[in-house]
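Trainee: build me a model:
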Amino acid sequence: TFDRYRSAIDGILIESVFASGGDDTTISALHDDFASTGIPVLTIDFADAAQNAPTAETRATIAKRALAEDFTPYIADDAAFNRLYPPTTVARAVSVSP
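Mentor: From the prediction side, this is the model:
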């Protein structure tokens, strides 16, 4: 069953989720089936898929969309994988019950 499969994994990584516009069905499934159950969803997006000349604003927009789904984003300028890009640093809200 899917629950058995899900219990056997520590996280999931998906490439090219948001930069090219994103598929709502895929994003929803990743959120509902994994992120909302506490399984980390890591995303790798390439900023040049959203814009020919990637900018900090492009990267920020992609990161915001990923974070809104409780995903952890990594954004590279392109798919060459010839250098490391700075990590996306974010402050996540933490709920604390009294």
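
Trainee: quick one, what contacts Val41?
Mentor: For Val41, the contact set (C-beta atoms under 8 Å, 6 or more residues apart in numbering) comprises 11-14, 30-31, 34-35, 69-72. The way it works is simple: take the backbone N, C-alpha and C, and place the C-beta from them, glycine included.

Trainee: and the gap between the residue nearest to Pro40 when sequence neighbours are not counted and Arg83?
Mentor: Once flanking residues are discounted, Pro40 sits nearest to Gly11: 4.0 Å by C-beta to C-beta, 6 or more residues apart in numbering. Distance of Gly11 to Arg83, given as C-beta to C-beta, to the nearest Å: 24 Å.

Trainee: low-confidence ranges, this structure, go.
Mentor: 51-52, 89-98 (pLDDT under 70).

Trainee: now the strands: where do they sit in it?
Mentor: 12-15, 41-46, 72-76 (DSSP state E).

Trainee: what lines up beside the longest one in the sheet?
Mentor: Applying DSSP bridges to the sheet, strand 41-46 is found paired with strand 12-15 (parallel), strand 72-76 (parallel).

Trainee: for it, buried residues please.
Mentor: By 16 or more other C-beta atoms under 10 Å, the buried positions in strand 41-46 come out as 41, 43-46.

Trainee: then stretch 20-32?
Mentor: Those would be 22, 27, 30-31, for stretch 20-32 by 16+ other C-beta under 10 Å.

Trainee: out of the residues you listed, list just those in helices.
Mentor: 27, 30-31 (DSSP state H).

Trainee: for this structure, what spans make up the helices?
Mentor: 2-7, 24-33, 56-68.

Trainee: and the angle for the second one with strand 41-46?
Mentor: Note on geometry: by axes from the mean of the first three to the mean of the last three C-alpha atoms, to 10 degrees, helix 24-33 and strand 41-46 are set 150 degrees apart in direction.

Trainee: ok, now how distant is the residue lying closest to Asp77 once chain neighbours are set aside from Ile14?
Mentor: Counting by C-beta to C-beta, 6+ apart, Asp77 lies nearest to Pro54, which is 4.6 Å off, once chain neighbours are set aside. To Ile14, Pro54 is 20 Å away according to C-beta to C-beta.
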